[in-house]
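> Predicted model and sequence follow; I will ask about them next.
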Amino acid sequence: MINLQTRRGLLAGIATATIATAVPASTRTPRFDLDRFVADVRAANDEADSQRAVEELLSQALAQPGNVLSGLGEPTSVGLSPIYRSKDLTILNIVWPPWMMLPAHNHLMWATIGIYTGREDNIIWKRKSEGIVEAAGAASLSKGEVFSLPHDAIHSVTNPIPSLTAAIHIYGGDFFAAERSEWDPETLTERPQDFEAVQRLFRETNERFHASEN
Ligand SMILES: [Fe+2]
């Protein structure tokens with residue numbers, strides 16, 4: 001594991017965010033079995049350092065991103081698809097349409113992200129004054145890379161390529177129950193995150209991209 005700041009040469013990165021790289025071939029699994037993966041993540045989540053244990057598992061799986069892609073299937077639709085949900089763990093398969101930008105938001109729980117196809121660019125934000133954020137770092141995530149955020153992180157996500165990006169996102173809590181904030185992209189002021197609006201953003205970005213192709 002390499003500290004985010006040394007790995008990417010950030011603006012001024014947050015020390016607790018990390019990127020894990022591929023593990024040795026001897027520990028790679030030959031085939032991605034989703035049911036087995038979910039069982040392993042649930043067990044890892046019971047460990048004392050649950051995020052670290054989950055990060056190691058995800059790194060092992062993403063050592064062969066093509067296997068994860070085969071196991072989950074080539075993404076055909078955009079959005080957030082729950083793989084597993086409980087009060088202390090959520091696993092999502094998130095597919096980003098081309099050029100999508102999700103504004104700065106928090107999770108209020110730790111998050112670990114593994115890219116299995118495409119690219120994700122993250123900006124890491126920090127609170128500057130009451131309700132206002134400022135950029136504090138960035139991470140360019142490629143296929144096979146795993147990225148961890150602490151429970152109080154604020155990030156925005158961009159898919160910077162003209163094709164779908166897909167990733168497994170694992171959260172140390174019930175992602176859908178949390179009352180998260182997002183920050184207005186123009187004013188950088190805090191407001192409650194509207195999950196319906198987030199889902200609409202996925203759809204509309206996808207529709208705009210396909211309209212631009214015609
Ligand atoms: Fe997020």
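Perfect, thanks for sending it. Not measured: the values here are computed from a predicted model.

> Take stretch 180-188, keep the C-alpha atoms, and write them as CSV.
What follows is the C-alpha trace of stretch 180-188 in CSV, where atoms were taken according to Å, rounded to 0.1, in the frame of the first residue of the first chain:
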residue,chain,number,x,y,z
ARG,A,180,-25.3,12.7,3.5
SER,A,181,-24.4,16.2,2.4
GLU,A,182,-23.3,17.4,-1.0
TRP,A,183,-21.7,20.6,-2.0
ASP,A,184,-23.0,22.9,-4.8
PRO,A,185,-20.4,22.7,-7.7
GLU,A,186,-20.6,26.4,-8.3
THR,A,187,-20.7,27.9,-4.8
LEU,A,188,-19.2,24.9,-2.9
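
> which residues sit against it?
The set of residues that contact stretch 180-188 without belonging to it, under C-beta atoms under 8 Å, 6 or more residues apart in numbering, is 101, 103-108, 125, 132-134, 154, 156, 189-194. Every residue, glycine included, has its C-beta placed from N, CA and C.

> check contacts around residue 94.
Counting by C-beta under 8 Å, 6+ apart, residue 94 has contacts 79-81, 166-169.

> one more time with 6 Å, if that's ok
Listed by C-beta atoms under 6 Å, 6 or more residues apart in numbering, the contact set of residue 94 reads 80, 167, 169.

> filter the contacts of stretch 180-188 to the buried ones?
The neighbour-count test (16 or more other C-beta atoms under 10 Å) applied to these identifies 103-108, 125, 133, 154, 156, 190, 193 as buried.

> Adding secondary structure, pLDDT and distance to residue 143, write those residues out as TSV.
TSV is the format used below for the buried ones among the contacts of stretch 180-188 (DSSP: H, G, I helix; E, B strand; the rest coil; pLDDT from 0 to 100; distance: C-beta to C-beta, whole Å):
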residue	secondary structure	pLDDT	distance to residue 143
103	strand	97	24
104	strand	98	24
105	strand	97	24
106	strand	97	26
107	coil	97	23
108	coil	97	28
125	strand	98	25
133	strand	97	29
154	strand	98	25
156	strand	98	20
190	strand	97	33
193	coil	96	28
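
> Between those, which sits nearest residue 37?
For the buried ones among the contacts of stretch 180-188, the residue nearest residue 37 by C-beta to C-beta is residue 107; the value is 20.9 Å.

> In CSV, list the C-alpha atoms belonging to stretch 139-150.
What follows is stretch 139-150, C-alpha atoms only, in CSV (Å, rounded to 0.1, in the frame of the first residue of the first chain):
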residue,chain,number,x,y,z
ALA,A,139,-6.5,10.7,-7.0
SER,A,140,-6.4,9.4,-10.5
LEU,A,141,-7.7,5.8,-10.4
SER,A,142,-7.1,3.3,-13.1
LYS,A,143,-8.3,-0.2,-13.7
GLY,A,144,-7.1,-2.5,-11.0
GLU,A,145,-6.5,0.2,-8.4
VAL,A,146,-8.1,0.4,-5.0
PHE,A,147,-8.7,3.6,-3.1
SER,A,148,-9.8,4.1,0.5
LEU,A,149,-11.5,7.1,2.1
PRO,A,150,-11.9,7.6,5.8
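
> ok, residue 91 touching residue 85?
No: the pair residue 91 and residue 85 fails to qualify as a contact (C-beta atoms under 6 Å) at a distance of 7.7 Å.

> helices and strands of the protein: which one bottoms out on pLDDT?
Of all regular secondary-structure elements in the chain, judged by mean pLDDT, DSSP states H and E, the least confident is helix 4-8 with a mean of 36.
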